[in-house]
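In: no FASTA, just this:
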């Protein structure tokens with residue numbers, strides 16, 4: 001079907017087919033030049049009967065036919081008596097129906113709106129309108145005009161309709177003063193407005209480059225960006241240098257505003273380290289709470305300790321576990337101390353040690369809670385132990401803030417702590433300092449806290465490097481498992497992972513059953529082999545579905561970055577088809593059946609788990625960074641998309657709020673932390689220099705359970721093994737822990 005080429009449309013809103021009151025998405029019929037046109041888009045303030053001028057394009061919906069997808073629009077005042085009557089009688093003004101609207105317009109004709117705005121008392125001349133009702137009609141019209149005027153005003157600065165509504169809802173008619181005095185307030189007050197957006201607006205309004213508001217907002221923005229890189233603070237000189245570059249101004253100007261931000265308590269200084277107040281108090285809070293939890297249970301005598309170790313060994317035998325003395329020692333340490341850390345690579349017996357701890361504590365009648373940072377990691381923990389494990393967020397009973405507050409609110413905290421004897425957290429390398437602080441607040445002294453992970457893996461996506469800092473502080477009992485158990489030595493994944501971690505070069509050939517390498521120098525060839533492996537070879541080899549095979553790449557951009565890989569893999573593995581709905585959201589095209597991933601914690605979004613007959617059997621709030629699922633349905637009429645996540649949660653997303661979703665046929669290695677897949681494909685041709693380092697390769701390889709396939713350059717792999725480190729993370733946790741210890 002050939003679609004009209006019109007990019008603009010004018011008319012009046014005849015009636016609505018669908019309205020989403022939460023996100024403002026609407027489907028409605030517009031009468032344009034005497035013809036009915038079905039329109040779709042985010043039109044939160046639009047009312048029935050209003051006159052509309054819109055820009056967009058015609059699209060073909062597989063179910064509903066041609067539709068005009070609105071990109072931008074404005075409501076224009078009715079220009080004649082007929083339009084005014086249609087608007088007033090549409091239901092937009094409460095208490096005014098079609099008959100009353102006709103009488104009003106018959107009386108005042110083309111002067112109707114001017115009369116309502118300037119002489120509303122004259123409405124009382126009409127039978128059926130009291131003076132009170134006349135004033136109410138005028139107020140309603142004025143309120144709607146305020147919003148429309150605000151949207152027109154903000155539209156001059158290329159602010160989207162949806163964002164304009166949020167700004168108006170926040171400030172009302174005060175927004176004009178805010179915009180004139182300090183548009184950078186938008187970045188502080190409103191979710192969805194960052195420094196760069198506020199800065200563009202300010203520049204368009206003629207604000208000087210060296211304005212105090214601008215410099216201070218730029219400093220806070222730079223610090224916030226560094227948190228996204230994993231830092232808890234920046235050294236003063238680095239903060240000044242980075243802020244000056246962002247602001248395109250002099251370093252002295254930046255340096256001069258630091259003290260003002262400290263006085264306002266927006267920054268915190270510790271020597272030459274500059275923090276946001278949140279991160280400073282979070283790190284300090286972790287250090288203090290760990291000190292409170294670091295209790296030692298009554299030291300057993302030498303014979304009693306021997307008896308305990310013998311009892312643990314006997315328990316291991318009765319459970320059919322093969323353990324060595326170091327693992328028994330680990331269980332003993334966990335029993336005797338309020339805090340215990342356990343680290344180890346693949347095949348070193350971490351899971352067996354956790355299982356032995358669980359069995360021992362249970363034999364003593366103690367209650368346990370098991371958790372991990374992600375749904376996938378919690379599922380793995382459950383399968384490995386036979387006991388229920390949940391995400392840390394769910395353990396703490398997460399919810400969302402109110403209104404614009406999108407931060408987590410945990411029901412479990414210092415006032416409502418976890419009721420248990422033992423808490424075991426797996427995949428601790430993934431846990432950032434913010435989540436760890438929330439966990440610690442919910443644990444009371446006397447509860448044993450056991451933290452398990454692989455300190456050689458990549459640090460958390462969020463700020464800090466908690467597991468590494470805790471171990472390197474030297475203040476807590478810990479054991480590092482390094483011996484590879486005999487049954488694990490048959491896996492080249494395990495053997496090669498340990499060699500890589502030790503900086504040893506590995507054999508790259510195709511003789512292995514679970515560790516394959518194919519030398520290829522062309523990115524397009526690597527893409528084709530990736531599809532061949534995913535679709536034709538690996539599913540049968542590892543007994544898994546195509547969707548279970550995961551492509552991991554070091555980077556987001558480039559020919560073998562996840563952006564281009566996802567577009568290519570989607571086109572081959574889930575192509576367009578009649579009856580298969582899809583939608584465009586920014587730069588992403590989503591299609592029913594696509595594999596997707598949530599890229600930001602959203603504590604307020606609601607989910608539900610459904611039974612066999614569609615009944616809701618569980619519900620809650622929160623979807624988190626790294627959660628993966630499949631698009632089950634896309635409905636343009638309803639303006640929504642349903643995604644079913646790996647743990648069975650179904651989330652309904654508004655089509656105009658998909659900015660936190662990405663395709664996930666290929667993901668970055670960093671995003672794969674804590675996950676395990678039947679098979680992993682790693683395209684490694686020529687990643688940027690900053691992404692060629694050892695524990696990135698180590699982390700990627702250890703995500704595979706049964707098979708890993710490396711495609712690309714042997715030189716790249718060799719260089720990655722030789723390169724020891726990634727960029728330093730700025731964290732003060734070790735220093736704070738030691739300082740508190742010295743203070744006593």
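Out: Received it, and whenever you're ready, just let me know what you need. Given the structure is predicted, the values throughout are model-derived calculations rather than measurements.

In: Give me the spatial nearest neighbour of the residue positioned nearest the centre of the chain, chain neighbours excluded.
Out: The residue lying closest to the centre of the chain (C-alpha atoms, centre = their mean) is residue 600, at 0.8 Å. The shortest distance from residue 600 to any residue other than its chain neighbours is 4.5 Å, reached at residue 660 (C-beta to C-beta, 6 or more residues apart in numbering). Heads up, the C-betas are built off the backbone N, CA and C, glycines and all.

In: so who does that neighbour touch?
Out: By C-beta atoms under 8 Å, 6 or more residues apart in numbering, the contact set of residue 660 is 598, 599, 600, 602.

In: Quick check: the two most widely separated of the residues you listed?
Out: Greatest spatial distance in these: 599 and 602, 9.8 Å, computed using C-beta to C-beta.

In: quick one: the longest helix seen in the chain to chain centroid distance?
Out: In the chain, with assignment by DSSP state H, the single longest helix is helix 131-155. Helix 131-155 sits 37 Å away from the centroid of its parent chain (C-alpha atoms, centre = their mean, to the nearest Å).

In: Tell me how far the closest residue to residue 684 other than its chain neighbours lies from residue 572.
Out: The spatially closest residue to residue 684, leaving aside those adjacent along the chain, is residue 712, at 4.2 Å (C-beta to C-beta, 6+ apart). Counting by C-beta to C-beta, to the nearest Å, the separation of residue 712 from residue 572 is 19 Å.

In: Settle it for me: which of the two has more neighbours?
Out: Taking neighbours as other C-beta atoms under 10 Å, residue 712 and residue 572 compare with residue 712 leading, 24 against 14.

In: So what's the predicted local confidence for that one?
Out: Listed pLDDT for residue 712 reads 94.

In: ok, back up a step: quick one: residues contacting the residue nearest to residue 684.
Out: Residue 712 touches 519, 520, 521, 526, 560, 682, 683, 684, 685, 686, counting by C-beta under 8 Å, 6+ apart.

In: and the residues you listed, which two are the farthest apart?
Out: 521 and 682 (15.8 Å).

In: Who has more neighbours out of those two?
Out: residue 682 (24 against 10).

In: Quick check: bridge partners of that one?
Out: residue 710 (DSSP bridges).

In: doesn't residue 711 make contact with it?
Out: Yes: between residue 682 and residue 711 there is a contact under C-beta atoms under 8 Å: 7.0 Å.

In: For the closest residue to residue 478 other than its chain neighbours, what is the enclosing helix or strand?
Out: Distances taken as C-beta to C-beta, 6+ apart place residue 341 nearest to residue 478, at 3.5 Å, with adjacent residues excluded. Assigned by DSSP states H and E, residue 341 belongs to strand 339-344.

In: cool, and residue 718?
Out: helix 714-722.

In: where along the stretch 401-550 of the chain do the strands fall?
Out: 408-410, 422-425, 448-453, 478-481, 515-519, 549-553 (DSSP state E, counting those that start in this stretch).

In: if we can go back for a sec, now list the buried members of the contacts of residue 712.
Out: 520, 526, 560, 682, 683, 684, 685 (16 or more other C-beta atoms under 10 Å).

In: just to revisit the earlier point, dump the residue contacts of the residue nearest to residue 478.
Out: 428, 451, 452, 467, 470, 471, 476, 477, 478, 479.

In: same question, residue 629
Out: Residue 629 touches 595, 596, 597, 598, 643, 644, 645, 646, 649, 651, counting by C-beta under 8 Å, 6+ apart.

In: from those, which has minimum pLDDT?
Out: Minimum pLDDT across the contacts of residue 629 falls on residue 646, with 82.

In: What's the separation between it and residue 36?
Out: From residue 646 to residue 36 the distance is 44 Å (C-beta to C-beta).

In: And residue 30, by the same measure?
Out: 7 Å.
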